[in-house]
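> Here is the input, now give the coordinates:
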Amino acid sequence: MAKITKDMGIMEIVQEYPETVEVFQKFGMGCIGCAAAHFENLEAGAKVHGIDIDEMVNAMNAIIEE
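All right, here's what the predicted structure looks like:
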């Protein structure tokens, strides 16, 4: 089974796993409309927002496994 990793692109994640949008929102990342989302990976975006990347990746993988 595919897993989301911190080095994946933000838009790559959203396009492949649209159910993760709620995780982005829960963690306070409104990345979907942000221009940086097109070239930034998940770790870089989380770092800018002060988010624990491991916690976020775990939440995303949990939701795609449902």
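> CA atoms for contacts and neighbours, from now on please.
Fine.
> Just give me how far stretch 8-16 sits from the chain centre.
7 Å (CA atoms, centre = their mean, to the nearest Å).
> scratch that, stretch 13-29
Remark: stretch 13-29 is offset 6 Å from the chain centroid, using CA atoms, centre = their mean.
> Now do the buried residues in it.
Burial within stretch 13-29, assessed by neighbour count using 16 or more other CA atoms under 10 Å, is assigned to I13, V14, T20, V21, F24, F27, M29.
> and the closest residue to the third one other than its chain neighbours, what pLDDT?
Leaving out its chain neighbours, the residue that sits closest to T20 by CA to CA, 6 or more residues apart in numbering is M60, at 5.8 Å. M60 is assigned a pLDDT of 97 by the prediction.
> For M60, which residues are in contact?
Going by CA atoms under 8 Å, 6 or more residues apart in numbering, M60 touches I4, T20, V23.
> my hunch is that it is in a helix, does that hold up?
Yes: using DSSP: H, G, I helix; E, B strand; the rest coil, the assignment for M60 is a helix.
> Tell me how far I4 lies from I51.
16 Å (CA to CA, to the nearest Å).
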